[in-house]
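# the sequence isn't on hand, but the structure is:
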């Protein structure tokens, strides 16, 4: 009895790490490097979502937490990480845009634009990257009241993105929000923490590859599992190889029914080649803790198809990576980044791709 392509992939994913087939060096045009990085909002929003009513005083305090977190400085530090490593593709999560507006009006005046400020840092360093695709996720406008002065509105829009190095061709892009998302009722409003994914078809050393950035729900394992099923369904018809990068809010040891387990059944976790299972989450939301509080590995690089993980490491995980913001020293993000060195080969189902990669 013959196995379907998807069943075969599941069988391979279930093999011990030492049994996973390796990509022969001749089959790939060159080795490549990818990265995933959660930028870190710099504020804890749980108090807003768990409150009985929308509290403009609390909204203002959270707004100040973001502003006071030194977004431009933090984004320059992350730009320096990218510049040092020069990955072909960088998956970005929590690329927030924070704005303000007059009382009762939409918030249209940008205050912190994480992705734009990251790009500015890259340009200053001469790092050749462009935004290939973004997905707009949750968006909300709330009233804020400072201790002194007039009230105003605060707008927050979340994005995920894919940065691609300038020498890497991009053939096509796509983005979508998940159909099921976490919701919270605060007073007479329902706030939805919409999440999504974005992808780009890129050429890595002559090999046509799909790269994906996503950020799964943080508050509910059930919702994460539903979002994972939707993501896997969307990627099922994509030709291999596929690189799935992101903050999955789920990791090893979460159980056989977890989002991580579902992903690991169809993809290979690149950490299987790492010497240590390095945690990537989470510093305090306000980033001011001195000693690292990273305890869980929820940021990951998953691969499918003829991809061999060669090495995996973290970035921004040591106290030396902290940055000076005014009279404080903060972490650049509440997450560590993940760098993966890979050998990517064309699918043997596509002879023309094999020829392109060997030329």
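Sure, I can see it. Remember, it's a predicted structure, so these values are computed and weren't measured experimentally.

# which residues of this structure score low on pLDDT?
For the chain, residues meeting the criterion pLDDT under 70 lie at 1-29, 274-276, 347-359.

# how far does the lengthiest strand in it sit from the chain's center?
Longest strand in the chain by number of residues (criterion: DSSP state E): strand 129-144. With CA atoms, centre = their mean, to the nearest Å as the basis, the distance from the averaged C-alpha position of strand 129-144 to the chain average is 13 Å.

# adjacent strands (with direction) for it?
Based on DSSP bridges, the pairing partners of strand 129-144 within the sheet are strand 152-165 (antiparallel).

# buried sites along the longest strand of the chain?
Along strand 129-144, these residues count as buried under the neighbour rule (16 or more other CB atoms under 10 Å): 129, 131-138, 140-144. From N, CA and C alone the C-beta is placed, and that goes for glycine too.

# stretch 264-277 now?
When burial is assessed from 16+ other CB under 10 Å, stretch 264-277 yields the following buried residues: 264, 266, 267, 268, 269, 270, 271, 273, 274.

# start and end of it, how far apart?
15 Å (CA to CA, to the nearest Å).

# gap between it and the chain center?
Between the centre of stretch 264-277 and the centre of its host chain there is 17 Å, according to CA atoms, centre = their mean.

# residues making contact with stretch 215-227?
For stretch 215-227, the external contacting residues (CB atoms under 8 Å, 6 or more residues apart in numbering) are 38, 93-94, 137, 160, 178, 180-182, 193, 195-196, 228, 246-250, 254, 257-259, 262.

# how long is that stretch end to end?
In terms of CA to CA, the two terminal residues of stretch 215-227 are separated by 10 Å.

# what residues sit buried inside it?
The neighbour-count criterion (16+ other CB under 10 Å) identifies 215, 216, 217, 218, 220, 221, 223, 224, 225, 226, 227 as the buried residues of stretch 215-227.

# with distance to residue 319 and secondary structure added, can I get those residues in JSON lines?
Formatted as JSON lines, the entries for these read as follows, by distance: CB to CB, whole Å; DSSP: H, G, I helix; E, B strand; the rest coil:
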{"residue": "215", "distance to residue 319": "26", "secondary structure": "strand"}
{"residue": "216", "distance to residue 319": "28", "secondary structure": "coil"}
{"residue": "217", "distance to residue 319": "30", "secondary structure": "coil"}
{"residue": "218", "distance to residue 319": "25", "secondary structure": "coil"}
{"residue": "220", "distance to residue 319": "32", "secondary structure": "coil"}
{"residue": "221", "distance to residue 319": "31", "secondary structure": "helix"}
{"residue": "223", "distance to residue 319": "34", "secondary structure": "helix"}
{"residue": "224", "distance to residue 319": "31", "secondary structure": "helix"}
{"residue": "225", "distance to residue 319": "35", "secondary structure": "helix"}
{"residue": "226", "distance to residue 319": "38", "secondary structure": "helix"}
{"residue": "227", "distance to residue 319": "34", "secondary structure": "helix"}
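
# may I see those residues organised as TSV, with distance to residue 105 added?
Compiled in TSV, the buried residues of stretch 215-227 are given as follows (distance: CB to CB, whole Å):
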residue	distance to residue 105
215	29
216	33
217	30
218	30
220	33
221	38
223	32
224	35
225	39
226	36
227	33
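
# out of these, which one sits closest to residue 238?
Distance to residue 238 across the buried residues of stretch 215-227 (CB to CB) is lowest for residue 227, with 17.1 Å.

# tell me how far the closest one lies from residue 178.
Using CB to CB, to the nearest Å, one gets 4 Å for the distance from residue 227 to residue 178.

# got a list of what the closest residue to residue 158 other than its chain neighbours touches?
With sequence-adjacent residues excluded and distances taken as CB to CB, 6 or more residues apart in numbering, residue 158 is closest to residue 137, at 4.2 Å. Residue 137 sits next to 157, 158, 159, 160, 177, 193, 194, 195, 196, 215 when contact means CB under 8 Å, 6+ apart.

# identify, from the residues you listed, the entry nearest to residue 32.
Ranking the contacts of residue 137 by separation from residue 32, with CB to CB as the measure, puts residue 160 on top at 20.9 Å.

# wait, that closest one sits on residue 96?
No. The pair formed by residue 160 and residue 96 falls short of the contact definition of CB atoms under 8 Å, at 10.6 Å.

# these two: who's more crowded?
For residue 160 and residue 96, the more surrounded residue by other CB atoms under 10 Å is residue 160, and the numbers stand at 28 against 22.

# beta partners for that one?
With DSSP bridges applied, residue 160 shows beta-bridge pairing to residue 135.

# measure it to residue 177 for me?
For residue 160, the distance to residue 177 equals 10 Å [CB to CB].

# what do these two both touch?
With contacts defined as CB under 8 Å, 6+ apart, the residues shared by residue 160 and residue 177 are 135, 137, 196.
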